[in-house]
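1. predicted model and sequence follow; I will ask about them next.
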Amino acid sequence: MKRIILLAATVACMAACQNNNSNKVPAIDLNNFDLSIAPNADFYQYATGGWQKNNPLKPEFSRYGSFDVLHENNEKRINELFQAMAKTEAVKGSVEQKISDLYKMGLDSVRLNAEGAAPLASDLQMVEGLTDRAQLPDLLARIHMALGNPFFGIGVMADLMDSNVNTLYVGQSGISMGDRDYYVAPENAKIKEAYKAYLVKLFTLCGYEAEAAATAAADALEIEDSLAEVFFSNVEQRDIPAQYNPMTREEFARTYDALDWDVYFKGMGLEQVDRLIVEQKRVMARVNEMLKTLPLEKIRHYLAAQIINGGASSLSDDFQTASFEFYGRTMSGQQEQKPRWKRAMSVPNGLLGEAVGEMYVAKYFPEKDKQRMTQLVKNLQTSLSQHIAALDWMSDATKAKAQEKLAAFTVKIGYPDKWKDYSTLEIDPAKSYYENLRDASIWATKDNLSKYGKPVDRAEWGMTPQTVNAYYNPTTNEICFPAAILQPPFYNPDADDAVNYGAIGVVIGHEMTHGFDDQGRQFDKDGNMNNWWSEEDSEAFKAKTEVLVKQFDAIEVLPAKDGQPALHANGALCLGENIADQGGLRVAWTAYQNSLEGKGHPAPIDGFTDAQRFYLAYATLWAQNIRDEEIARLTKLDVHSLGKWRVDATLRNIQDFYDAFNITDGAMFLPEEERVIIW
């Protein structure tokens, strides 16, 4: 329905992996290999080619990897919890009632199809009632509270310069294809035309005649085009200081004078706002101009398109199918929709995430895993400290501050100490699915905005326990590992240490390194944006990262085809993740060696040394099959490199990898003078 707009800082993701129903999962599955490929030719294919062959792409996926295997397993687990709840009469107002009713509404295709576009009617009438610009502040507030983020978005998070206090951010929003390049790059013209056709379809489903639907779609796309022209690119959004522009309320109102901001803030429940941060000033300048000059009819059509598109997934099958055909098939290459139970399950799993997480943890997360993970994190901290101390490009003064930051890390493992309270969220099965999700959006928006001016809750989690992922948050200087990622092959209690260090150990090191990547390094130990580096150290760091950017820029991820130019990786966009991948590998290997305590390396297992098993475990995390459309989409949008290059391109800089497999030549080999090591 809508999402809260927050500054995109250094929240970093890994991926997750394979599981099955047996009690034991192999530490290294020999069926994963493609032994027709030599390790020095293509290590990714050598280590995962068998996995790719044995796990062909399912029609509902645009990519299918070891991460998706574990995610699917989690979906089944959560669905079992939901089905059990749906069979009982839950107490009204309980989380069980809210979860089960949302789940059942999502499954009820008969009701959804009978209602058709009717649930949208009142919201579209609200937009049609826009006949005077003076109505815009209140109208935008009503839409931003519940339905989407047209023109711009707002949200509350920690002040980057005072991480103990929450403040308000205003940022770019309102383009529905997600990335500006889909609007401005000539090679995306076909996708843009498909998007326009999709908008026409949505308006038609809402009862517009053919000509009116075409006009409305054209007007909506014209506004999105204008916004996209000035949007910060995904690379520009990595420049955090450029997006920290504090203003007083009075200064903000004078600068962007198209709206009566007193009316807007009142509508958002933010009368007390006296200071806010503008993220993209040039975008807000364009928005200000548009709100002053655009014909109201075009604004009405744009707002209507935003509402219909945002609500499509909670309406009848024809809306859901239209959305899938564009976002799923055209943009990502999916061949068929996910089954209805998966779509229905994802809604309460998102809206009541910590309530679901509490149930998930109680059933699936043993406490011993949390204790083992705590020890692994300590081992990785020791290792990263050693790496910082040994750097030959950083001064002692900056090293000392880096060590202070590392020692100050907050570590969150498994699940929160305090669960989120959903008691004020109401789910009413007498209302339509769309209306319930709209009400839930209002609840979530109010929940976020209510934090304005209050102290930051450092115990709060940015992910739910059932999320297969991990993150680093710079404003709290914390690393977080949800329960769901602590499964094979990320963490395998039956595996040898080399495998676990090559998998979950690298994940831990990866997240720690984010505290010192191109974004994370801009924050101090207390989570404040603060340049604690000397100028010389900053220049040395940038020189090294430029080498890494160029290495990835040179990678051709898709060849030229059907008149489309060859597509290359975007080294600047993925810089932070590429630094963290390399850092995670190096730090985890050192931590593993420390764990041997000078006793020597253990005997090979299945013919592989412990060093080889370490790197094979890492490669296994990124095993996947992926469609060309998804490669193109992710290369534009994702701050992570594609799985193949997280393995092959990253390992080419690491001498210990070469030593493990006796690599001295071949496509995998990079001469020492061309390599770069950062942490």
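-> Done, it's in.

2. is D179 in a helix, a strand, or coil?
-> coil (DSSP: H, G, I helix; E, B strand; the rest coil).

3. just give me the neighbour total for it.
-> 17 (other C-beta atoms under 10 Å). Every residue, glycine included, has its C-beta placed from N, CA and C.

4. again, but for E209
-> By other C-beta under 10 Å, the burial measure for E209, its neighbour count, is 10.

5. quick one: stretch 223-231 to chain centroid distance?
-> On the basis of C-alpha atoms, centre = their mean, to the nearest Å, stretch 223-231 sits 23 Å off its chain's mean C-alpha point.

6. now do the helix or strand hosting I154, average pLDDT.
-> If you go by DSSP states H and E, I154 is part of strand 152-159. Mean pLDDT, strand 152-159: 98.

7. go on, stretch 381-391?
-> 97.

8. shaky segments in this structure?
-> 1-23 (pLDDT under 70).

9. switch the cut-off to 50
-> For the chain, the stretches flagged by pLDDT under 50 are 3-10, 12, 14-22.

10. and the gap between the residue of it most remote from its centre and F661?
-> Largest separation from the mean C-alpha position in the chain: K599, at 41.2 Å (C-alpha atoms, centre = their mean). Look at K599 and F661: by C-beta to C-beta, to the nearest Å, they are 23 Å apart.

11. now the closest residue to M345 other than its chain neighbours: which helix or strand?
-> In space, and not counting its chain neighbours, M345 is closest to N79: 5.1 Å by C-beta to C-beta, 6 or more residues apart in numbering. If you go by DSSP H and E, N79 is part of helix 66-86.

12. got the CA coordinates for that helix in CSV?
-> Extracted in CSV, the C-alpha atoms of helix 66-86 (Å, rounded to 0.1, in the frame of the first residue of the first chain):
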residue,chain,number,x,y,z
SER,A,66,20.2,-21.0,-2.2
PHE,A,67,18.7,-18.0,-0.5
ASP,A,68,15.3,-18.8,-2.1
VAL,A,69,15.4,-22.4,-0.9
LEU,A,70,15.7,-21.2,2.7
HIS,A,71,13.2,-18.5,2.1
GLU,A,72,10.7,-21.0,0.7
ASN,A,73,11.3,-23.3,3.7
ASN,A,74,10.5,-20.3,6.0
GLU,A,75,7.4,-19.6,4.0
LYS,A,76,6.1,-23.1,4.6
ARG,A,77,6.9,-22.8,8.3
ILE,A,78,5.1,-19.5,8.7
ASN,A,79,2.2,-20.8,6.6
GLU,A,80,1.8,-23.7,8.9
LEU,A,81,1.5,-21.3,11.8
PHE,A,82,-1.1,-19.3,10.0
GLN,A,83,-3.1,-22.3,8.9
ALA,A,84,-3.3,-23.5,12.5
MET,A,85,-4.5,-20.1,13.7
ALA,A,86,-7.1,-19.9,10.9
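
13. phi and psi next, for the residue farthest from the centre of the chain.
-> phi -80, psi 0 (degrees, to the nearest 10).

14. do A185 as well
-> phi -90, psi 130.

15. just give me the neighbour total for it.
-> A185: 14 neighbours (other C-beta under 10 Å).

16. and what of P295?
-> 9.

17. state the phi and psi torsions of it.
-> Taking degrees, to the nearest 10 as the convention, P295 sits at phi -60, psi 140.

18. likewise for H640?
-> The phi/psi pair for H640 (degrees, to the nearest 10) is phi -100, psi 140.

19. so who does it touch?
-> Shown in contact with H640 (C-beta atoms under 8 Å, 6 or more residues apart in numbering): 13, 574, 577, 634, 646.

20. alright, I will stop here.
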